[in-house]
Structures are given as structure tokens and as C-alpha cells.
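Participant: sequence and predicted structure below; questions after.
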Amino acid sequence: MGRRSVFSKFGFSLVLALGLLAISASAALATKPEKSHVSVDTNYQITNVCSFAFSIDSHADIFAIHYFDKSGNLIRIYNHVTEKDTFIANGKTLVGLPFVFDINALFTADGTMTSLTAVGVVEKVRLPNGKLFFSAGFVDYLAHPDEQFILTADRGISGSIPALCAALS
């Protein structure tokens, strides 16, 4: 179990969905950034972190800005996200604390994503022993194409996965 054993495609999927929405909603020659708010609820079934499966119910409130070049091509998406996660396993529920992070996605004029990164808090949940599972820092989503959910940062501070698993066992 590596420190990146749980990784979210949530951010990647969200950026793509919001990007497609912006492309379809924008005028062909739009150059002014478009702002929007959206709330997203997701559920993840995690099987590769602890010795048992658990689920995460996630709620995110997102403020998004879509940037376009002079030809109207989407070139950047910025998302400011407030998220709260609930962990469920073995009859136990850990309700996370709200946390904030920013996602930036960069695109070429032909729509190819060249960068997808997040900066801020990655996860925040109080464990039954009173300790805080807390991860924060920088995440490069494109470096983890096959991961499902993120609990730890690529660079920064990462919470103890063994302590989280113990709290859910």
C-alpha cells in the first residue's frame, strides 16, 4: 500500500464535465471567462487501501472559471472546491470535516489537456481516538491515471493510512 494508494478521478472527471459544459454553453468566439457554481455528490468503493473495502460518500461545492483564447477555445479551468467526505466500513462511519482546495487544468487550443493539478487540503477527518487524519499539499492528477480516489498528497503532508484503516476496522 503506497502513500498514493487512494486517488480520485473525481477532480479529473469534474474538470472534463465542466469543460464540456463550458464548450457547449459558450459562444463560438467567446473570450471572456465564464463563471459557474455547481454541487456534486459522488460515492466511491475503495478496495485497495485497507485490508477490507470501504466506501466514501463525497459532497463538493465548486466555483469554476473557464478561460478561453481569442478563438473561443477552452484553455484553462480553475475550480475552487469545498469538499466533505464520509467514510463507511464495518458498521463504522467517520464524518469528515470540510476542506478546501483548488484545481487547475490547462488545455491546448485543440482541447488536449496538458496539466491537471490540485493544491490545498486533500483530506480531513477526525478519527475516533481524537487524532486528525490530515493531508495537504500538491497533487498531479495526470501522474496517476489509474487511481480512483486521493487521500494523500504528492508533495506536502499526508495523513496516516494505517490509522485511518484502524479507525474503520
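Facilitator: Alright, I've got the coordinates. Numbering: from 1, shown residues only.

Participant: in this structure, which spans are strands?
Facilitator: Remark: strands assigned in the chain by DSSP state E are 34-46, 54-68, 74-89, 92-95, 99-107, 113-126, 132-140, 155-157.

Participant: among the ones you listed, which is nearest Ala163?
Facilitator: strand 132-140 (6.4 Å; CB to CB). For the C-beta atoms, the positions are set from N, CA and C on the backbone; glycine is no exception.

Participant: by contact count, what packs against the closest one?
Facilitator: strand 113-126, strand 155-157, helix 161-168 (3 or more CB pairs under 8 Å, 6 or more residues apart in numbering; DSSP states H and E).

Participant: what pLDDT, on average, does it get?
Facilitator: Across strand 132-140, the average pLDDT comes to 97.

Participant: what does that strand contact?
Facilitator: Residues outside strand 132-140 that contact it (CB atoms under 8 Å, 6 or more residues apart in numbering) are 11, 116-127, 150-160, 163-164, 167.

Participant: quick one: it to helix 161-168, angle?
Facilitator: 130 degrees (axes from the mean of the first three to the mean of the last three CA atoms, to 10 degrees).

Participant: so which bits of strand 132-140 are buried?
Facilitator: Neighbour-count burial for strand 132-140 flags 133-137, 139 (criterion: 16 or more other CB atoms under 10 Å).

Participant: contacts only, for the closest residue to Leu97 other than its chain neighbours.
Facilitator: Distances taken as CB to CB, 6 or more residues apart in numbering put Lys124 closest to Leu97, at 4.6 Å, once the chain neighbours are dropped. Neighbour list for Lys124: 96-99, 132-135 [criterion: CB under 8 Å, 6+ apart].

Participant: any idea what Lys124 is bridged to?
Facilitator: Phe134 (DSSP bridges).

Participant: ok, the closest residue to Lys70 other than its chain neighbours to Ile77 distance?
Facilitator: Using CB to CB, 6+ apart and skipping residues adjacent in sequence, the residue nearest Lys70 is Thr31, 5.4 Å away. Here the criterion is CB to CB, to the nearest Å. By it, Thr31 lies 15 Å from Ile77.

Participant: kind regards, and thank you for your time.
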